[in-house]
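Engineer: pasting the sequence and the predicted coordinates here, then a few questions.
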Amino acid sequence: MCAGPGATETGRVITEVDDALCALLGRALPEGTAVRLDPPKPTWQAERPSKAIDLFLFGLRGDPRGRESGWDEVRDGRGALLSRRSPTRRCALSYLVTARAAKVSEEHMLLDRALRTMVFADTIPATCLGGALAGTGEQVLLTVSDEDPGDLWSNLGMPARAAFVITVSAVYVPEPDTELAPPAEKMALRSGQDVPTGPLAPAAAKRWVRS
């Protein structure tokens, strides 16, 4: 089953996307319909059917869209560097969406509701987001994929069922790097050692040193 609000830890993008999808579908499905994160399994055939939409996460890959470059820096009032963070990255998560019900017609109705909800949503609404996903201010992109799930059913060793695939693109925000060398408090000017003196002697070598 999907976790409730606040059940995930900050920064765990996969579980936060799981919960966001559960929230999105939970608003659209008929009362009493469960939204689960269970993978398809052969024992489904022997289980007592209940009204449910299942979201099976089967694919993870990098998403080059919106990739940032450079470093984000945090400085104090004097301009000293306190921390820096490497660029954010996006990850694409692929889900197989299936339905379970007592009758095939009921399964198709549930799938229709789920598909209608997602096919018109280019992004997951901010009101469905929590944790780090809500804090980034970045959109969580949602698309209904043209991927054919037929091969997936075969790999799972199950007969094909009505289903569709969605892809969610979410931002990973790296932890800031705070282990930085402390800034110099002052700079001292020192003359070189053992330099000849006198009117013809070369100018004393000077160098900046950190203290």
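Structural biologist: That came through, no problem. Numbers count the residues shown, from 1 in each chain.

Engineer: please make it C-alpha for all contacts and neighbour counts, starting now.
Structural biologist: Fine.

Engineer: the helix or strand that contains S105 - contacts with which helices or strands?
Structural biologist: Assigned by DSSP states H and E, S105 belongs to helix 104-119. Applying 3 or more C-alpha pairs under 8 Å, 6 or more residues apart in numbering; DSSP states H and E, one finds that helix 104-119 makes contact with helix 13-28, strand 52-63, strand 89-100, strand 141-144.

Engineer: for the longest one, packing partners?
Structural biologist: Going back to what we said before, that points to helix 13-28. Secondary-structure packing of helix 13-28 (3+ C-alpha pairs under 8 Å, 6+ apart): strand 34-36, helix 104-119, helix 131-136, strand 163-172.

Engineer: which of those sits closest to P125?
Structural biologist: Among the helices and strands packed on helix 13-28, helix 131-136 comes nearest to P125, with 10.1 Å by C-alpha to C-alpha.

Engineer: other SSEs contacting that closest one?
Structural biologist: For helix 131-136, the packing partners by 3+ C-alpha pairs under 8 Å, 6+ apart are helix 13-28, strand 163-172.

Engineer: shaky segments in this protein?
Structural biologist: Applying pLDDT under 70 to the chain picks out residues 1, 3-11, 44-46, 49, 66-76, 79-86, 174-211.

Engineer: circling back to that earlier point, in JSON lines: the helices and strands packed on helix 131-136, plus mean neighbour count.
Structural biologist: Converted to JSON lines, the helices and strands packed on helix 131-136 look like this (neighbours: other C-alpha atoms under 10 Å):
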{"stretch": "helix 13-28", "mean neighbour count": "20"}
{"stretch": "strand 163-172", "mean neighbour count": "21"}
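
Engineer: possible to save those as JSON lines with distance to H108?
Structural biologist: Listed next are the helices and strands packed on helix 131-136 as JSON lines, based on distance: least, C-alpha to C-alpha, whole Å:
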{"stretch": "helix 13-28", "distance to H108": "15"}
{"stretch": "strand 163-172", "distance to H108": "9"}
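
Engineer: just the buried positions in stretch 132-152, please.
Structural biologist: Neighbour-count burial for stretch 132-152, counted by 16 or more other C-alpha atoms under 10 Å, picks out A132, L133, Q139, V140, L141, L142, T143, V144, S145, P149.

Engineer: return the backbone torsion pair for A160.
Structural biologist: phi -60, psi 140 (degrees, to the nearest 10).

Engineer: follow-up on the earlier one: closest one to A126 among the helices and strands packed on helix 104-119?
Structural biologist: It's helix 13-28; of those, that one is closest to A126 (C-alpha to C-alpha) at 9.1 Å.

Engineer: quick one: contacts of the closest one?
Structural biologist: Contact with helix 13-28 is made by 2-5, 8, 33-37, 93, 113-114, 117, 124-125, 128-133, 168, 170-172, as judged by C-alpha atoms under 8 Å, 6 or more residues apart in numbering.

Engineer: for PyMOL, what selects the buried ones among these?
Structural biologist: In PyMOL, selecting the buried portion of the contacts of helix 13-28, with burial taken from 16+ other C-alpha under 10 Å, looks like this:
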select buried, resi 2+3+8+33+34+35+36+37+93+114+124+125+128+129+130+131+132+133+168+170+171+172
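
Engineer: mind listing what the nearest residue to L110 once chain neighbours are set aside touches?
Structural biologist: Closest residue in space to L110, ignoring its immediate chain neighbours: A99 at 6.4 Å, by C-alpha to C-alpha, 6 or more residues apart in numbering. By C-alpha under 8 Å, 6+ apart, the contact set of A99 is K51, A52, I53, D54, E107, H108, L110, L111, A162, A163.

Engineer: lovely, talk soon.
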